[in-house]
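Visitor: Quick one, fold the following:
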Amino acid sequence: MSKLNPRRIPATMADVEKAKKAAQIEAVGYAMTIFFTILFDKHGATKDELSVFWDEVNELSEAIAEGYVSISDLKNVLNREYDIKI
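Guide: As a prediction, this is how the structure comes out:
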């Protein structure tokens, strides 16, 4: 029989959810960094345009949080209308 690690502390569901939320926030930060860099470096977006873009991202995020639109809906529109599959 193997010994148990005395420093091992079992994670609660709250711990798991907290880690999941932190990972999601980090992933969104990575994605936004990539989007802004591409818009600026490759598409000539100005500082003002990036500011407007950021405001619009926040507005859409709020609409999602409030249940006016879902990520699934947005993915379907991107797929159907623009042939972009995420």
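
Visitor: Spatially central residue for the chain, please.
Guide: Val28 (3.0 Å; C-alpha atoms, centre = their mean).

Visitor: Next one: it from Ile71, what distance?
Guide: For Val28, the distance to Ile71 equals 12 Å [C-beta to C-beta, to the nearest Å]. The C-beta positions use only the backbone N, C-alpha and C, and glycine is treated the same way.

Visitor: what bits of this structure have low per-residue confidence?
Guide: For the chain, the stretches flagged by pLDDT under 70 are 1.

Visitor: Could you point out the longest helix of it?
Guide: Using DSSP state H, we find that the single longest helix of the chain is helix 13-43.

Visitor: tell me what that helix is packed against?
Guide: Other helices and strands packing on helix 13-43, by 3 or more C-beta pairs under 8 Å, 6 or more residues apart in numbering; DSSP states H and E, are helix 47-65.

Visitor: Pull the helix it packs on out as PDB, backbone CA atoms only.
Guide: C-alpha atoms of helix 47-65 as PDB (Å, rounded to 0.1, in the frame of the first residue of the first chain):
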ATOM      1  CA  LYS A  47      -5.600  53.800 -30.900                       C
ATOM      2  CA  ASP A  48      -9.100  55.400 -31.200                       C
ATOM      3  CA  GLU A  49     -10.400  52.500 -33.300                       C
ATOM      4  CA  LEU A  50      -9.000  50.000 -30.700                       C
ATOM      5  CA  SER A  51     -10.700  52.000 -27.900                       C
ATOM      6  CA  VAL A  52     -14.100  51.800 -29.800                       C
ATOM      7  CA  PHE A  53     -13.500  48.100 -30.400                       C
ATOM      8  CA  TRP A  54     -12.800  47.500 -26.700                       C
ATOM      9  CA  ASP A  55     -16.000  49.400 -25.700                       C
ATOM     10  CA  GLU A  56     -18.000  47.300 -28.200                       C
ATOM     11  CA  VAL A  57     -16.500  44.000 -26.900                       C
ATOM     12  CA  ASN A  58     -17.500  45.100 -23.300                       C
ATOM     13  CA  GLU A  59     -21.000  46.000 -24.500                       C
ATOM     14  CA  LEU A  60     -21.500  42.600 -26.200                       C
ATOM     15  CA  SER A  61     -20.000  40.800 -23.100                       C
ATOM     16  CA  GLU A  62     -22.600  42.500 -21.000                       C
ATOM     17  CA  ALA A  63     -25.400  41.500 -23.400                       C
ATOM     18  CA  ILE A  64     -24.200  37.900 -23.100                       C
ATOM     19  CA  ALA A  65     -24.000  38.100 -19.300                       C
END
